[in-house]
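Q: after the sequence you'll find the predicted model.
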Amino acid sequence: MPATLFTVFQHKHYVSALQEAFKRMQSVKALAKAVSKEMAESLKGQEEQLTVALTKAQKDNNAVYLERVPVFADVPAIAPALVVKPAPPTNLDASTENLFSGLIPDSSAKALSKYTDMVDSLSREQLGKLAEATDAARLALKQADLPDLLEALDGSAAASVPEGLLRDMEEVNTIGGTQHLREILQEMGELRHHVDADLAACQTALDEEAAADVAARSTYGDEWRVPQSSTLAKHLWEKLHSYRSTMSQAAESDSKVIQRMNENEAAFAALTPDAAASQLPRLQAPLVSTGPADPAVVVASLRRNMEALDQLSSERAGLEEALKELKAKDNILPKLMAAGSSNTDTLFDRELKKYDEIKADVARNVARNTELLSAITRDAQAFKAVFEVPAWRASCEAAAAGIKGALKTYKEVLDHLTEGLRFYMSLQDAVKQHQQQCSDYAYTRALQRDDLKQDLDRRRREQRESKAAAAQQLSYMSLNAAQPAGPAYPPHPQMQTPHVAAPPSGPQPPAYMSFGAPAVHQQPPQSHSGSGQYNQYGHQPQQEQQQYGGYHQPPPQQQYHHQQQGYPHYGGQLQVQQPYHGSYGGAPVGQQPSAPNPYGSSYGAPPPGQQGYSGYQPYQYP
C-alpha cells in the first residue's frame, strides 16, 4: 500500500494516509486486546512497520517536501488505472484434437491391472518350469559324475583328480606355490637383517658409553663419583642379550623350516592339476568286456544324450528371452478403451492365446529333458559297470595319498613361515624401541659426563691457581723476611683504616718518624757492611737515592742494618715496611705485623728492578 500511495498521490497525501492508518491500527489494537492476548500480539509486527513508515514519511516531508499535510477526508480517492490492454486469445480451436486421449477410465484401469496379473502369473509359471528342468539336469549329471567321467576317459587332468584334492591344489597355485614360500623367506631374511643391525646399534651405543665412562674414571680417579655404566645399563644389557638369544632360537627354527622346504621342493612343485593327474591311473576300457554292453556303444550313447541335453539347455535360455520380450510388448490398453468394460473376459482370453505357442515349446522342452535325463542315468550306470569306475576311483585315492602328504607338508611349511614373518615383524618393533632406549640412555649419560668434566676441570684449575698464588705469596714473604727493615712510618691519621690497631702503650717513636713533622738530627747508626756517606737519617745522599712515591728506598743490591733505639712497643725487632694491597694478610711466623702503607697499593711500590717484588700478586684466600 505505501508504494502505491506514494506513486499515485503526492507526498502530503501519503503522510495523511499513513496517519489515518496509524489511528485505525490503534483502534484495532484496542479491540484485539479485548478479544485475546494472542490476537493483540499478532498485530505487533504490522504496527512496527506502520510506525517506521510514518516516521520516515514525516521526516521526509519536514526536510524535503515541506508540504502541509491535509486531513484524510480531504485526500482524493484513488482512481483506477488501465495497466494492460485486453486482446482476444488465438489458437484456441480444439475441434480437431482429442484433449482427453491420455485419460484412462477407472474401469479400463482395473481391467488392465487384472490382465497384467494374469500375464505375470503365466510368465512365472513357464519360467518356473524351465528353471526346474535346468535344476533337474544339473542334479542328475552330478549324481552320474558327468561329464567328469567322459573327460577322464579322454585324459583330462582335472577329471582324474579327486575333487577335494583338486580344490586344495587350486588354492596352492592361486597363492603362488613354491615361489610364495621363497618370497616369505626373503621377507624374513630382510627383517632379520634389520633386527641384527638394530641390535648391533644398541650394543655399539652401550659399548661407547661404557668406554667413555672408563676413560673418565681413569682420568679423574676418585673424583669421578657417578654410578658406573655396568650398574646403570644392566637392564639394557640383559634385554639385549635376551633379544640375541631369541634371535638365535629363531635362526635354528628357520633353518629347520628351510631344510624341510628344500627336501620337499620337488613335491611342492608337483602340486598342480596336470602334475597330479600324471601320477594317477587313467580311466580306460577293459581289455576283455565281461558284461552284456559294449563299452564303445555305451560311450557313444552317453555322449549323444549329453549333447542333446546341452541343446535343450540352450533352447530353454531362448524360451526365457522370448517370453520376457513378448510380455514387454503386450499392451492391450487401446483395445480395452475401445471395447469398454463389458467384454473384458473375452478380450483377455483372446489376448492370452498369443502365449500358447511359448507354453507348448516349454512343455515340449521339459518333456524332452526328462527323457534325456532318464537315458543319461541309464547310460551312466552302464558306463560305470563297464569301465569299473569304483575300482578306478579307489586306485586314484591310493595314488593321491602322496600328493595329499605333500600338500599337507606345504601347508605346514607355509604356516611356519607365516608365523616366522609375524614374529620378526613384532621383534623388529620391540628392538627398535630398545634401540631408542639405548640411544636416549647414552645421550643422557654423555650430557651428564660432559657437565661433570667441566665442573671437575674448573675445580682443578681453581686449585692450581690457588696453589700457585699461595706459593708466590710465600716466596714473596720469605724474600721480605730476609731484607733489613727501614724506619717504620706510622700511617697518617686521615688515611688509617679500621684494620689498623691502636699503637701500643709505652714510649712513642722519635719525632722524625711522624708524617709531616720536622726531622730531628741524630747520629746515624753504623753500618755493618758497605761504605759511603750517609745523611742524618741513615740513608745515602739525595743524589744517590731512588725516590718512589715519597719514600726513600735503598737501591738494589744494597742492604743496611739499622738498630732500633727505644721502641719497647715493637719488642726491639726489625720491622719490614710492606706495601698496602687493600686488605691485610697474615704476617709470617715469628714476625710482628708491619705498619700498612697509608697511600694505597701503587704508592711506594718497589722499582721495576727490585728483587722480591717482581710479578707479585696478593694471595687470594679460597
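A: Perfect, thanks for sending it.

Q: was I right about E47 contacting V28?
A: No. Under the criterion of Cβ atoms under 8 Å, E47 is not in contact with V28, lying 9.2 Å apart. Where you see a C-beta, it was placed from the backbone N, CA and C, and this is true even at glycine.

Q: can you count the residues close to Q126?
A: 20 (other Cβ atoms under 10 Å).

Q: now it: which helix or strand?
A: helix 106-143 (DSSP states H and E).

Q: could you point out which element follows that helix?
A: helix 148-153.

Q: pull the distance from that following helix to the chain's centre.
A: Mean-position distance between helix 148-153 and its chain equals 59 Å (Cα atoms, centre = their mean, to the nearest Å).

Q: repeat for stretch 223-240
A: Remark: stretch 223-240 is offset 33 Å from the chain centroid, using Cα atoms, centre = their mean.

Q: for the remainder of this discussion, apply numbering that starts at 853.
A: Noted, 853 is the first residue going forward, which turns the last one into stretch 1075-1092.

Q: that stretch: end-to-end distance?
A: This stretch, stretch 1075-1092, spans 31 Å end to end (Cα to Cα, to the nearest Å).

Q: buried residues, that stretch. List them.
A: 1076, 1081, 1084-1085, 1088-1089, 1091-1092 (16 or more other Cβ atoms under 10 Å).

Q: so S1100 is in which element?
A: Short version, using DSSP H and E: S1100 is in helix 1086-1115.

Q: quick one: mean pLDDT over that helix.
A: The average pLDDT within helix 1086-1115 is 92.

Q: do the same with stretch 1235-1247
A: 82.

Q: mind listing what's buried in that stretch?
A: Buried, per 16+ other Cβ under 10 Å, within stretch 1235-1247: 1235-1241, 1244-1245.

Q: any buried residues in stretch 1218-1231, and which?
A: Quick answer for stretch 1218-1231 (16+ other Cβ under 10 Å): 1218, 1220-1221, 1224-1225, 1227-1229, 1231.

Q: give me the pLDDT value at P1450.
A: P1450 carries a pLDDT score of 39 in this model.

Q: make that M1365, sorry
A: For M1365, the model assigns a pLDDT of 40.

Q: again with L1304
A: For L1304, the model assigns a pLDDT of 90.

Q: just want the most central residue of the chain.
A: Per Cα atoms, centre = their mean, the C-alpha nearest to the average position across the chain is that of D1281, at 15.6 Å.

Q: just to be sure, that residue is in a strand?
A: No. Per DSSP: H, G, I helix; E, B strand; the rest coil, D1281 lies outside any strand segment and is helix.

Q: got the contact list for it?
A: D1281 sits next to no residue when contact means Cβ atoms under 8 Å, 6 or more residues apart in numbering.

Q: just the buried positions in stretch 966-982, please.
A: 967, 971, 974-975, 978-979, 981-982.

Q: stretch 1260-1273 now?
A: Neighbour counts using 16+ other Cβ under 10 Å place 1261-1262, 1265-1266, 1268-1269, 1272 of stretch 1260-1273 among the buried residues.

Q: can you check stretch 924-935 too?
A: Those would be V927, for stretch 924-935 by 16+ other Cβ under 10 Å.

Q: what about the helices in the stretch 1053-1202 of the chain?
A: Per DSSP state H, counting those that start in this stretch, the stretch 1053-1202 of the chain carries helices over the ranges 1081-1084, 1086-1115, 1117-1121, 1125-1130, 1147-1181, 1185-1191, 1196-1204.
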